[in-house]
Every structure is written in C-alpha cells, then in structure tokens.
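>>> Let me see the structure of the following:
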Amino acid sequence: ITNYINKIMGGSSSKEPGTVIESGIIGSKDKSYITTVIQALYNIPSLKDYFSKKLYNENPNKHLSILFNKIVIKPLNKINFQEEGKNILQILKNEYKLNQANTPGEFLIQILLVLKYEEKNILNHNWEEYTLKTPQLLANLSDNKKALDDILDKNIIHFNTIFSAMFFGIFLAKRKMQNITNVLYFYNFYCVYELSIPEILKNMENKGKIKYNDEQTPNIHLIDCIKEMKETHIELFNKEQCYSEYYIYNTPNILIFLIKRDLENYSTFRGKIIFEENIDLTQNILFNQNNQSNKYKLISIISEYKYKDKEVVFSSDGKDYPFYKAVFRGENDNFYYYGKKNSTKKWDLTIDDENYFHDILIYMRY
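Numbering: from 1, shown residues only. Coordinates of the predicted model:
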C-alpha cells in the first residue's frame with residue numbers, strides 16, 4: 001500500500017501567457033510538492049510537541065529530526081519553506097541515499113519513514129518481503145492469528161514508539177495465490193493509506209456500483225473506497241496473479257489518505273473524491289485497540305492544481321497558482337492556506353474545488 005509513485009501525469013504544454021492546460025509536466029521552478037508537505041506537518045499539534053519537547057531523544061545522528069525541531073519551533077513568519085525543503089532533500093539524499101520524490105505523497109512517505117527510523121535507529125525493512133524470505137514466518141502466513149502474532153512479537157519494535165503511535169497503523173492483505181491452497185494473511189505497517197482510484201473505480205463499474213455516461217464526472221466517496229479495498233480483486237503479487245483483499249487492522253492517531261489518480265494501464269481519474277470533515281471508521285477497522293475512538297476530524301488537505309504548464313501555472317482569472325496547495329485547520333477551527341510571504345488566508349472547506357484536485361487528506365483522532 002505504500003509503494004511510491006514514480007510517474008507524473010503527462011500531456012501537452014504551452015508557454016503562452018494565459019493558456020489553460022488540462023495536464024502537463026511539473027516544471028523545476030515549482031517546488032510546492034515539497035513545501036506543501038512541510039506546511040501540513042508544521043500544523044499538526046502533536047508533531048510540534050514531539051519535536052519541541054524533544055520526545056525523540058535528540059542525538060547528532062538524528063539529522064532529519066533535528067532539522068524538524070528547528071522548523072517547528074519557529075514562528076510562521078520566520079520560516080522559509082523553500083529553503084527548508086532543500087535542507088530536507090539534502091538529508092534524505094546524503095544521509096539516507098533516497099532519490100528525490102516527485103509528488104507530495106512520495107515526499108511525505110519518505111519523511112515519515114525516516115523520522116520513524118530516527119526515533120530508535122530501527123531499519124525500515126518491508127515486513128511482507130521479510131516474511132516471504134523467512135521459512136517459519138512464511139509457514140505461519142496461512143494462520144491468521146500466527147501471522148498477526150509474528151508482526152506483533154517480532155516486529156513490534158517498529159510500532160511501539162511515540163512517533164509510530166502518531167503516524168503508523170497496521171493493515172492486512174488477504175491473498176489467495178494460485179499455487180497455494182490456503183489464504184495467506186500478510187500484516188504490515190503503513191503511514192499513508194493509499195487509495196488507487198482508477199483501479200477502485202474500474203472494480204466498482206464492473207460490479208454496477210457506479211454508472212455514468214461520457215459527459216458525467218464520476219464521484220466516489222472516501223468510505224466507499226475503503227470498503228471496496230476490502231472486496232476481492234485480482235492483482236499481481238510476487239510475480240503471480242492472486243485474489244486480494246485489503247483491510248485496515250488498526251489506525252494511528254494521525255490518519256493520512258493518499259488519493260492516487262494516475263495508474264499504469266488505467267485512465268487517469270479526473271473525477272471527485274467525496275469526503276466529510278468528520279468521519280467515523282468504527283465499521284471499517286478490524287481491531288479497536290483499548291476501545292479507543294475511531295472518530296476522526298480533517299486537519300489538513302494537500303491539493304493539486306488542475307491546469308498545468310511546463311514552467312508556470314496560469315488560470316482563467318489571470319492569477320498564478322502553485323501546482324500544490326496545503327490547507328490546514330487553524331484558529332477557531334477554521335481552515336486556512338498559505339499566501340505570499342507566509343500570510344495565512346481563510347479557506348472554506350470545498351470538496352468540489354473548481355481549480356484543484358484533492359491529493360492528500362490528513363485526519364486526526366478525536
């Protein structure tokens with residue numbers, strides 16, 4: 001579920017001022033896919049407390065944590081998000097040998113994985129791949145309880161930390177391989193719950209759940225996407241086809257959804273994802289840890305501008321827009337976005353945004 005997206009929507013481009021482009025390639029001049037992620041993280045209260053109160057146990061080897069501490073303790077008007085973005089990229093490249101991300105989703109996942117690693121210097125190996133290479137763990141995959149016990153007993157150190165409690169949950173992939181009689185239960189950790197909308201839409205169309213003509217824009221509800229992930233579908237896993245179902249086993253305090261609109265061999269999704277400001281996931285989670293609340297409120301959105309040009313973004317009203325925009329919940333529970341010189345402007349929660357697609361939804365448990 002946390003595979004990186006290495007492809008950006010392609011299309012024609014133009015440099016004529018005022019030209020409206022429906023798709024294109026993001027130019028090197030726009031770094032909003034980086035700055036919007038930092039802005040969204042900056043406005044998460046528990047994350048600010050984690051760094052400002054030094055809950056990560058500072059030491060010189062925690063390069064990204066030290067930098068984030070410096071960022072979150074600054075007042076808003078003192079932060080140069082472009083410069084801090086460069087600093088983060090440099091750490092990810094030089095200290096952790098990570099390639100530069102191309103989208104907010106990729107960049108956010110890189111940051112969260114590295115910060116989790118830095119809390120206790122724990123390597124972030126892929127548990128699914130590890131189980132397939134370990135005979136005893138592989139044998140236990142056909143037993144739901146044993147597979148769960150394995151990740152909790154042998155890999156719990158990845159989860160039992162302050163940072164992980166904020167951002168990491170457990171998901172379950174049930175897979176029926178063609179050459180294996182039993183269903184296999186793959187448990188793993190996630191920091192971003194990815195929803196591959198083109199595939200979900202196609203599955204829902206095939207089942208008759210969504211019907212529309214060529215002139216209509218398909219609308220899909222966020223909760224329906226989660227439900228559809230739980231239903232059986234065919235996918236390629238470990239180089240062979242299998243029947244798969246995905247479940248949210250439990251949730252972190254900060255729950256992040258990545259809306260993937262582009263998928264190889266599928267048409268790019270140009271429709272709308274419908275979501276609420278407050279959601280209750282009780283019916284969509286397998287395990288309710290310590291009877292904790294599964295009610296969440298929206299605290300941030302990262303959205304992608306619908307009309308792109310190679311170098312600059314233009315709009316019909318003559319104003320320049322960044323490719324990505326971060327919106328966050330601020331004073332008096334209102335939503336705001338960043339204007340020029342880090343000024344904040346009030347923003348009305350708009351699900352059907354005329355100028356932007358919503359790419360990342362960040363919720364907080366309440």
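>>> top helix in this structure by residue count?
Counting by DSSP state H, the longest helix found in the chain is helix 104-120.
>>> Look up the pLDDT of the residue lying closest to I362 once chain neighbours are set aside for me, please.
Residue nearest to I362 in three dimensions, not counting chain neighbours: S300, with 4.0 Å by C-beta to C-beta, 6 or more residues apart in numbering. In short, each C-beta sits where N, CA and C put it, glycine included. Looking at S300, its pLDDT stands at 97.
>>> do Y363 as well
So Y363 comes in at 98 (pLDDT).
>>> sorry, back to before: tell me the secondary structure at the residue nearest to I362.
S300 carries the three-state label strand when classified by DSSP: H, G, I helix; E, B strand; the rest coil.
>>> Y193 versus that one, what's the distance?
S300 is 15 Å from Y193, where distance means C-beta to C-beta, to the nearest Å.
>>> Tell me which of those two has more neighbours.
Neighbour comparison, S300 and Y193: the larger count goes to S300, with 24 against 21 (by other C-beta atoms under 10 Å).
>>> Please give me every residue in contact with the more buried one.
S300 makes contact with A40, N43, I44, A326, V327, F328, R329, I360, L361, I362, according to C-beta atoms under 8 Å, 6 or more residues apart in numbering.
>>> Low-confidence stretches in the stretch 101-250 of the chain?
Scanning the stretch 101-250 of the chain for pLDDT under 70 picks out 123-125, 213-215.
>>> Could you pull out the strands in it for me?
Listed in chain order, the strands of the stretch 101-250 of the chain (DSSP state E, counting those that start in this stretch) span residues 169-177, 184-190, 193-196, 219-221, 233-237, 240-250.
>>> got JSON lines for those strands, with distance to F275 too?
Listed next are the strands of the stretch 101-250 of the chain as JSON lines, based on distance: least, C-beta to C-beta, whole Å:
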{"stretch": "strand 169-177", "distance to F275": "18"}
{"stretch": "strand 184-190", "distance to F275": "19"}
{"stretch": "strand 193-196", "distance to F275": "11"}
{"stretch": "strand 219-221", "distance to F275": "7"}
{"stretch": "strand 233-237", "distance to F275": "22"}
{"stretch": "strand 240-250", "distance to F275": "16"}
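>>> Tally up the residues packed near I73, please.
As a burial measure, I73 scores 11 neighbours (other C-beta under 10 Å).
>>> correct me, but it touches S52?
Yes - between I73 and S52 there is a contact at 5.3 Å, judged by C-beta atoms under 8 Å.
>>> what about Q82, helix or strand, and which?
In this assignment (DSSP states H and E), Q82 forms part of helix 81-94.
>>> Any buried residues in that helix, and which?
With burial defined by 16 or more other C-beta atoms under 10 Å, the residues of helix 81-94 counted as buried are F81, E84, G85, N87, I88, L89, I91, L92.
>>> And stretch 242-252, by the same measure?
For stretch 242-252, a neighbour-count test (16+ other C-beta under 10 Å) marks C242, S244, Y246, Y247, I248, Y249, N250, T251, P252 as buried.
>>> Over to stretch 57-69?
Using 16+ other C-beta under 10 Å as the test for burial, stretch 57-69 gives K62, H63, L64, S65, I66, L67, F68, N69.
>>> residue contacts, the first one?
Right, the one you point to is K62. Y56, E118.
>>> Check the gap between it and F163 for me.
Taking C-beta to C-beta as the measure, K62 and F163 are separated by 11 Å.
>>> Residues in contact with both of those two, list them for me.
For the pair K62 and F163, residues contacting each of them under the criterion C-beta under 8 Å, 6+ apart are Y56.
>>> tell me how far the longest helix of the chain is from the chain's mean position?
11 Å (C-alpha atoms, centre = their mean, to the nearest Å).
>>> Next: stretch 134-151.
Taking the mean of its C-alpha atoms, stretch 134-151 sits 27 Å from the chain's own mean (C-alpha atoms, centre = their mean).
>>> distance between the ends of that stretch?
From its first residue to its last, stretch 134-151 covers 13 Å (C-alpha to C-alpha, to the nearest Å).
>>> Do you have the helices of the stretch 1-150 of the chain handy? List them.
Remark: helices of the stretch 1-150 of the chain, listed N- to C-terminal, are 32-42, 45-52, 63-72, 81-94, 104-120, 127-133, 135-140, 144-154; assignment by DSSP state H, counting those that start in this stretch.
>>> Tell me which of these sits most buried.
Per-residue neighbour counts averaged over each of the helices of the stretch 1-150 of the chain give the maximum for helix 32-42, namely a mean of 24 (mean count of other C-beta atoms under 10 Å).
>>> related to what we said a few turns ago, report the mean confidence score over the helix holding Q82.
For helix 81-94, mean pLDDT is 96.
>>> Touching it from outside, list them.
Contact with helix 81-94 is made by 31, 34-35, 38-39, 63-64, 67, 71, 98-100, 110-111, 114, 338, 342, as judged by C-beta under 8 Å, 6+ apart.
>>> Please compute how far that helix lies from its chain's middle.
Counting by C-alpha atoms, centre = their mean, helix 81-94 comes out at 19 Å from the chain centroid.
>>> Give me the angle between that helix and helix 32-42.
The directions of helix 81-94 and helix 32-42 differ by 100 degrees, with axes from the mean of the first three to the mean of the last three C-alpha atoms, to 10 degrees as the criterion.
>>> Now do helix 81-94 and helix 104-120, the angle between them.
Comparing the axes of helix 81-94 and helix 104-120 via the same axes, to 10 degrees yields an angle of 60 degrees.
>>> Return the member of the contacts of S300 nearest to G169.
Using C-beta to C-beta, I362 comes nearest to G169 of the contacts of S300, at 13.7 Å.
>>> quick one on the thing from earlier: to K154, which of the strands of the stretch 101-250 of the chain lies closest?
Put simply, out of those the one that sits nearest K154 is strand 184-190, at 11.0 Å, with distance taken as C-beta to C-beta.
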